[in-house]
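K.L.:
okay, sequence plus prediction incoming.
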Amino acid sequence: MSLQRPTTATASIWLTVGVLALSGVSAVLTVVFRDEVIAAWRAGREDSSSIEQPAFVPVALVMYVVVALLMWVLLMFFREGHNWARRSIIALFLLMAVGILAVLRTEPPALFFVLSGLTLVVDLVAVGCLVHKDTRSWCHEEITV
């Protein structure tokens, strides 16, 4: 492992912070625009009166806290050059991308649509930085016997 972190690794750290910030804004907006989110959920369903509406606010807040804390821990290890942390962050980003695509599929209010799209783009750019050859070569495998 070289002593200096490559630009792509540093960029991936900052992009991760950006994704977490955008996700945090989305979670807060879920609280602020709770009624609009529920109205958007009801709009595409004829059976919305016969089933219980989902609780978007607690799910959004708990999911954000769990993902943000997990990402923070992984970033601490990645900053030290651990390859397993890099791979775990990539896996978490890919799972987040699937979740974002699921949100976009539900036709959320316009503000959430734009914010989710922006988060998805930053997410994918961060993955690109994490799989870049400079970042891969900077990370090292821990070999324990």
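P.N.:
Nice, thanks for sending it over. Numbers count the residues shown, from 1 in each chain.
K.L.:
and the spatially most central residue of the chain, how far is that from P6?
P.N.:
When C-alpha atoms, centre = their mean is applied to the chain, the residue found nearest the centroid is M96 (4.4 Å). As judged by C-beta to C-beta, to the nearest Å, M96 and P6 stand 23 Å apart. C-beta coordinates here come from the backbone N, C-alpha and C atoms, glycine included.
K.L.:
one more: S50?
P.N.:
As judged by C-beta to C-beta, S50 and P6 stand 56 Å apart.
K.L.:
out of these two, which sits in the busier spot?
P.N.:
Shown here are S50 and P6; by other C-beta atoms under 10 Å, P6 has more neighbours (18 against 7).
K.L.:
next one: phi and psi at the more buried one?
P.N.:
In terms of degrees, to the nearest 10, the main-chain angles of P6 are phi -70, psi 160.
K.L.:
report the buried residues of the lowest-mean-pLDDT helix or strand in the chain.
P.N.:
Within the chain, confidence by mean pLDDT, DSSP states H and E is lowest for helix 34-43 among all helices and strands, at a mean of 80. Within helix 34-43, the residues that qualify as buried are 36-38, 40-41, counting by 16 or more other C-beta atoms under 10 Å.
K.L.:
just send those back as CSV, with distance to V73 too.
P.N.:
Shown next, in CSV, are these (distance: C-beta to C-beta, whole Å):
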residue, distance to V73
E36, 33
V37, 29
I38, 33
A40, 33
W41, 32
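K.L.:
show me what the lengthiest helix in the chain is packed up against.
P.N.:
Criterion DSSP state H: the longest helix present in the chain is helix 7-32. The contact analysis (3 or more C-beta pairs under 8 Å, 6 or more residues apart in numbering; DSSP states H and E) places helix 7-32 against helix 56-78, helix 83-105, helix 110-131, helix 133-138.
K.L.:
can you say which of those is packed in most?
P.N.:
helix 110-131 (a mean of 17; mean count of other C-beta atoms under 10 Å).
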